[in-house]
Structure formats: C-alpha cells, structure tokens
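A.B. asks: Show me the folded form of this:
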Amino acid sequence: MKIAVPTDNKNGVNDKLAEHFGRAKNFLVYDTKTKKFEIFENPEAVGSGEFPPDFLHRQKIGAVIVFNLGPMAYNKFQNFRIEMRKAVQESIADNLKKFEEDELRELMKEDIF
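C.D. replies: I've put the predicted structure just below:
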C-alpha cells in the first residue's frame with residue numbers, strides 16, 4: 001500500500017508532518033511493500049490548480065496520515081476509498097510505523113475543520 005504524508009521539507013522520513021494538509025509544500029508517498037518513498041510537490045502549493053486528493057489518488061495511494069483535513073478533502077478521500085488516519089506529533093517514520101502496527105486511529109468529525 002502507498003501512504004501519503006504532508007511535509008514542508010524534502011529530507012525524507014525523519015522529517016515532521018506538516019500541520020496543515022492542504023498548505024503543505026510536499027507530500028511524501030511511502031510504499032509499504034518496497035519500503036521506499038518519493039516526495040512530490042503539493043500541486044496546490046505550486047499553483048497547478050489540481051486538488052491534492054485528486055493528485056494523490058492518481059499516485060494510487062491507499063491511505064493518508066494527517067493531523068486534520070478540510071471537509072472537501074475529507075469527502076474526496078472518502079469517495080476514493082482512501083483511508084484517513086490521525087497523525088501523532090512524531091516523525092514521519094514513527095507515524096508510518098504506527099500505521100503499519102495499526103496504532104493510528106481513523107480521522108473523526110472533530111478532525112475536520
């Protein structure tokens with residue numbers, strides 16, 4: 001499965017998650033099978049006009065790890081059947097590990113703003 005995580009840097013899995021999904025500069029996409037990742041610029045942040053959930057859906061992700069989402073992004077991910085998990089204040093690597101161990105809860109209504 002591919003998992004997308006918002007980040008403001010390009011240093012890899014030791015970075016922290018960006019606080020705001022839609023305003024993140026980049027998305028780190030991690031493949032749980034190969035244990036490798038790619039970093040993509042957030043299309044909305046660079047002005048391409050593409051909505052981040054649509055872009056990530058094209059990357060064939062199966063889940064996102066975020067602190068919260070706006071209602072439009074939440075609904076898009078729901079429609080695409082992409083899992084949404086609540087991030088913890090740790091590194092991307094720690095969040096990915098917790099995801100693989102099923103220790104991150106699903107996003108709830110209070111995580112939608």
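A.B. asks: Quick check: closest non-adjacent residue to Phe113.
C.D. replies: Asn68 (5.7 Å; C-beta to C-beta, 6 or more residues apart in numbering). In short, each C-beta sits where N, CA and C put it, glycine included.
A.B. asks: I'd like to check what contacts stretch 12-31. Which residues are they?
C.D. replies: 1-10, 36-42, 44-45, 52, 55-56, 59, 61, 64-70, 73, 87, 89-93, 95-96 (C-beta atoms under 8 Å, 6 or more residues apart in numbering).
A.B. asks: any chance you could map the helices in the protein?
C.D. replies: 52-58, 71-79, 92-100 (DSSP state H).
A.B. asks: Check the spacing between the residue nearest to Phe113 and Lys10 real quick.
C.D. replies: 23 Å (C-beta to C-beta, to the nearest Å).
A.B. asks: Equivalent analysis for Lys98, please.
C.D. replies: From Lys98 to Lys10 the distance is 22 Å (C-beta to C-beta).
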